[in-house]
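1. Give me a model of this one.
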Amino acid sequence: MRRLLFLFFLLFALGLFGADAAKPDVVKKFSDGSINFTKREMTVRGDGMPGPNVVDAASAVLAAEKMAARNARNRAIAALSSLKLADKKSLKDFFAGQGKPDFISDLVKESDFSQIKSKRYYSNSMVEVTFVINIDAWLLAISEAAGQEILTD
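-> Sure, this is the predicted structure:
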């Protein structure tokens with residue numbers, strides 16, 4: 001009887017706690033990264049090259065990293081703008097129709113792009129930086145402003 005009861009509770013616990021582990025993450029991929037809706041984070045890659053007026057190697061690296069961060073912000077704006085709302089409109093079209101075409105870019109530009117996943121340096125002084133950004137606040141602000149949910153498929 002004890003074995004049967006133990007087996008029942010074991011199966012119950014596995015069913016209760018194992019159900020969440022079996023679900024895959026909901027991820028939307030785009031050309032330079034991805035949005036993981038389950039973890040509520042965006043991975044975006046930016047490329048940068050220093051300008052022609054750099055004086056030494058250290059300032060060239062800093063200028064290239066700054067350009068890569070700017071490039072990643074622009075790619076994040078493009079990726080968010082292409083997401084669809086429940087009424088099948090893209091975020092870009094929806095906010096342009098509401099008279100707020102800069103809503104997404106303002107949201108992204110206020111964010112901190114400091115969590116770096118990887119950096120690659122190339123011999124031509126180009127830098128490729130991959131950022132991981134928590135987008136929980138972005139998704140909340142977008143759905144509150146739009147009054148609709150964002151489609152994740």
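
2. List the buried residues of stretch 32-39.
-> For stretch 32-39, a neighbour-count test (16 or more other CB atoms under 10 Å) marks 32-33, 35-37 as buried. Heads up, the C-betas are built off the backbone N, CA and C, glycines and all.

3. what sits up against stretch 97-108?
-> Contact with stretch 97-108 is made by 73, 76-77, 80-81, 89, 91-92, 95, 138, 141-142, 145, as judged by CB atoms under 8 Å, 6 or more residues apart in numbering.

4. 10 Å - rerun?
-> Under the criterion CB atoms under 10 Å, 6 or more residues apart in numbering, residues 42, 44, 72-81, 83, 89, 91-96, 109, 133, 135, 137-138, 141-142, 145-146 lie in contact with stretch 97-108.

5. Any idea how far apart the tips of that stretch sit?
-> 20 Å (CA to CA, to the nearest Å).

6. Let me see the contact set for the closest residue to Lys88 other than its chain neighbours.
-> Leaving aside its chain neighbours, Lys88 sits nearest to Leu151 (7.8 Å; criterion: CB to CB, 6 or more residues apart in numbering). Applying CB under 10 Å, 6+ apart to Leu151 gives the contacts 28, 37, 83-88.
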